[in-house]
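Undergrad: Fold the following for me, if possible:
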Amino acid sequence: MQADLIIHARWLATMDSANGQLAQHQAIVIKDGNIVAIEASDDCRWQAEHVEQLNDHVVLPGFINSHGHAAMSLFRGMADDQPLMTWLQEHIWPAEARWVDHDFVRDGTRLAIAEMLLSGTTTFADMYFYPQACAEAAVEAGIGAVIFTPIIDFPTNFAQNADEYIRKAIDAHDHHRHNPLLTFGFGPHAPYTVSDEPLKEITTLADQLDLPVQIHLHETAFEVEQSLELHGLRPSHRLAELGFLTERVSCVHMTQVDDSDIQLLTRSGASVVHCPESNLKLASGFCPIHTLLKSGVNVGLGTDGAASNNDLNLQGEMKTAAMLAKAVAGDAAAVPAWQALYCATMGSAKALGIDETTGSLTVGKRADIQAIRLTELPQQPLYDPISQLVYTDASRHLSHCWVAGKAKVRDGQLTDNSLDSLTAIASSWQQRIRAQ
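TA: Numbering: from 1, shown residues only. Modelled structure (predicted):
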């Protein structure tokens, strides 16, 4: 039987479940961009034009970065060490008003994609203006993307009101709906920037068009206090009363939650996207993912944008998430390594509604795969490959990365040799922005 690619793995983590077993000496067989078989290497009956012998590697699904603002990589380090609302109102929003256009988003997203591929991310979620520019960059790179068009009540360079944002979200979906690597959705920014009527319309349209929805929610204590003052309800309760909270929705941050919020999430089927490093940097608070997971809430991981992180390395995010969860729960056994890895793969895929096509190494799914060498000095001695993968900076030792069976990183280098041009583009934007 003939395939396009066979990957022989020393260790294989399929991530079919949060309590999965690590297999050894397995062959992943890929044809037409999908996984068609997983067999013991010694018994593999397939042949292929390309064969990778990864005798020192753990092979696992590519990470899924379930929340970010990719183009904001061009604002990386521009306004560090500021509280969230100061950061937004005095630095980020004015910079966006001055600089953000189609070219800015395309160039910033290209830079972000290269960084993500080099640290094992094969699909990313994005919530930013000019979604078609993000799509252009994703198509050019051949990476998976779930693109949420932002929706807010007030005007920006991109649109003038909620109706126009919603229309542009639908246009982006219609234009790219047949690309198997792209999914489009609605991205209402937050309860404090979107009024009731647009939120209800988004819920109706998402159901009609079968699209995912993502929203920043319970990000700060101030957000909750303001909602109680203006609406007499916590933000999650307001959204629930509007019928907005459903299994289509991923709620980003959720650092200020109580038992009633968790009950709403559990009943609605909505997911939480945890961005621990951004939350820490902006002093937004702590998302209690151990409690959420125990309550049956699905949790994915995201980096947020590079302007508030400041990197897009989901492996580092996974380590931070696992360690922070233990401190928040007061329990060293909270969110063990396997569970953290599940959040970065299948948990993120479920949050974005793409778990039928990616997120695990399963026959029939897209061949989105990464391979990490486990023979480097910081990983020795090696008792438990998954523990080393989560708790050491394994991204430095990424060897290979494939999206839909196509090599994007080989021997630790991007296959398209774009680093020099991307560095030049970033430098050009930095000079223009600094000059103002």
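Undergrad: Please parse the chain into its domains.
TA: By the assignment in automatic domain parsing, the chain contains the domains 2-61+363-414, 63-352.
Undergrad: for those domains, which one sits closest to W429?
TA: Minimum separation from W429 across the domains of the chain (C-beta to C-beta) falls at domain 63-352, 4.8 Å. (C-beta placed from N, C-alpha, C; glycine too.)
Undergrad: Just the buried positions in the helix or strand hosting L117, please.
TA: If you go by DSSP states H and E, L117 is part of helix 102-118. By 16 or more other C-beta atoms under 10 Å, the buried positions in helix 102-118 come out as 104-118.
Undergrad: and what of stretch 311-328?
TA: So, applying 16+ other C-beta under 10 Å, buried residues of stretch 311-328: 311-325, 328.
Undergrad: ok, whatever helix or strand comes next after the helix holding L117: who's next to it in the sheet?
TA: Going down the chain from helix 102-118, the next helix or strand is strand 121-127, by DSSP H and E. Partners of strand 121-127 in the sheet, by DSSP bridges, are strand 63-65 (parallel), strand 144-151 (parallel).
Undergrad: what is the rounded mean pLDDT of the shortest one?
TA: In other words, strand 63-65. Across strand 63-65, the average pLDDT comes to 98.
Undergrad: now do stretch 117-130
TA: For stretch 117-130, the per-residue pLDDT averages 97.
Undergrad: Quick one: end-to-end length of that stretch, please.
TA: 22 Å (C-alpha to C-alpha, to the nearest Å).
Undergrad: ranges for the helices of the stretch 101-250 of the chain?
TA: 102-118, 131-141, 162-176, 196-209, 221-231, 235-241 (DSSP state H, counting those that start in this stretch).
Undergrad: Make TSV out of the ones you listed and add distance to L419.
TA: Formatted as TSV, the helices of the stretch 101-250 of the chain follow (distance: least, C-beta to C-beta, whole Å):
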stretch	distance to L419
helix 102-118	7
helix 131-141	13
helix 162-176	27
helix 196-209	38
helix 221-231	39
helix 235-241	41
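Undergrad: most neighbours per residue, which of those helices?
TA: helix 102-118 (a mean of 24; mean count of other C-beta atoms under 10 Å).
Undergrad: Please report the distance of H237 from L264.
TA: Note on H237: its distance to L264, by C-beta to C-beta, to the nearest Å, is 7 Å.
Undergrad: ok, now A71?
TA: As defined by C-beta to C-beta, A71 lies at a distance of 32 Å from L264.
Undergrad: Tell me which of those two has more neighbours.
TA: It is A71, of A71 and L264, that has more neighbours when counted by other C-beta atoms under 10 Å, with 29 against 19.
Undergrad: distance of that one from D101?
TA: From A71 to D101 the distance is 10 Å (C-beta to C-beta).
Undergrad: Between these two, which contacts overlap?
TA: Y130 (C-beta atoms under 8 Å, 6 or more residues apart in numbering).
Undergrad: which strand in the chain runs the most residues?
TA: In the chain, with assignment by DSSP state E, the single longest strand is strand 47-61.
Undergrad: so what strands line up beside it?
TA: strand 2-12 (parallel), strand 369-373 (antiparallel).
Undergrad: Okay, buried residues for that strand please.
TA: Neighbour-count burial for strand 47-61 [16+ other C-beta under 10 Å]: A48, E52, L54, D56, H57, V58, V59, L60, P61.
Undergrad: Enumerate every residue touching the first one.
TA: When contacts are counted by C-beta under 8 Å, 6+ apart, A48 touches Q2, A3, D4, L5, I6, V29, I30.
Undergrad: ditto for the third one
TA: The contact partners of L54, by C-beta under 8 Å, 6+ apart, come to I7, H8, A9, R10, A371, S399, H400.
Undergrad: Point out where this protein drops to low pLDDT.
TA: 394 (pLDDT under 70).
Undergrad: Which residue is the nearest non-sequential neighbour of the residue nearest to the spatial centre of the chain?
TA: Nearest to the mean C-alpha position of the chain, by C-alpha atoms, centre = their mean, lies N65 at 1.7 Å. Nearest in space to N65, with sequence neighbours left out and distances taken as C-beta to C-beta, 6 or more residues apart in numbering, is F124 at 4.3 Å.
Undergrad: Same check on L217?
TA: Nearest one to L217, counting by C-beta to C-beta, 6+ apart, is C251 at 4.2 Å.
Undergrad: need the strands for the stretch 301-436 of the chain, in chain order.
TA: Per DSSP state E, counting those that start in this stretch, the stretch 301-436 of the chain carries strands over the ranges 369-373, 398-403, 406-410, 413-414.
Undergrad: Check the offset of the third one from the chain's centre.
TA: What that stands for is strand 406-410. Centroid separation for strand 406-410 versus its chain: 19 Å, with C-alpha atoms, centre = their mean, to the nearest Å.
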